[in-house]
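> Build me a model:
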Amino acid sequence: MGKTIIMTLQKTLPAIVLLLTSLACAQRVVPLDYFPDESERQSQLYFKDINDDMLEYEGTWLYEQGGDKFVLVLERVQAVNLGGNWTYDKLMGNYQYIKDWVEIINTLGRTETQGSQSDIYHFESLTFRKNKPVRYRLEDPVNSKWTSYTSTVTRLPDELLSLTGPPTARMRIKITTMITDFNMLTRDPEASQRLRIPKEMILTKID
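Residues are numbered from 1 along each chain as shown. Below you'll find the model as predicted:
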């Protein structure tokens, strides 16, 4: 009888240990605006868009003025992990900029970047808080080798249209982009001054 119990324990103990280890390492889901304390720095956390607040930003955004046009296509990408303990839902996308009817940048459909895990995106949210300005990393396919760019996206009051029938509302955002860092200026001395898209634009959601 005792021998049977010991053998049973020998068989079940590894499974119990594995289960407890898995539970200890299990990823905990938290909202996007969660602020972890110091004790959670090594925890497995998933910052999830629990209330689907990101979804209203998905789609095509347009800035157009004369011969200048900027098109931004955004989508929510879930469970993005860049190599650490934390996983995020992010807004990510690509863009096209035309100046004086000449195309300057077009990352729509591009698949190469400077080596990030999400290799098909050139516009990536760094933070997201509902009803707060959102910071993005903007990647220039040429200049991001030397220069880092950050864009801040601010939600504006909706634009009301009333061509025929009841007025309809269209979302608007303001994008402000700045150079945040640069390196290797010996190879590209002008990189610290180069920004190939407008510093500020107001975009309307068209799709």
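
> from here on, contacts and neighbour counts on C-alpha atoms
OK.

> any idea where the helices of the protein begin and end?
Remark: helices assigned in the chain by DSSP state H are 2-25.

> Low-confidence stretches in the protein?
Under the criterion pLDDT under 70, the flagged ranges of the chain are 1-25, 110-119, 145-146, 162-165, 182-193.

> all strands for it, in order.
If you assign secondary structure with DSSP state E, the strands in the chain sit at 28-31, 45-48, 59-65, 68-80, 86-99, 102-106, 123-125, 134-138, 147-161, 168-182, 200-205.

> of the ones you listed, which approaches residue 37 most closely?
strand 45-48 (11.9 Å; CA to CA).

> mind listing what residue 64 touches?
Listed by CA atoms under 8 Å, 6 or more residues apart in numbering, the contact set of residue 64 reads residue 70.

> Okay, it and residue 41: tell me how far apart.
Using CA to CA, to the nearest Å, residue 64 is found at 43 Å from residue 41.

> ok, now residue 90?
For residue 90, the distance to residue 41 - CA to CA - is 20 Å.

> between those two, who's got more neighbours?
Summary of the neighbour comparison: residue 90 and residue 41, criterion other CA atoms under 10 Å, with residue 90 having more neighbours (24 against 11).

> Now do the contacts for the more buried one.
For residue 90, the contact set (CA under 8 Å, 6+ apart) comprises 76-80, 124-126, 128.

> Redo those as CSV? Include distance to residue 94 and neighbour count.
Supplementary listing: these in CSV, determined by distance: CA to CA, whole Å; neighbours: other CA atoms under 10 Å:
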residue, distance to residue 94, neighbour count
76, 12, 21
77, 13, 15
78, 17, 16
79, 19, 15
80, 17, 16
124, 9, 23
125, 12, 21
126, 15, 16
128, 18, 20
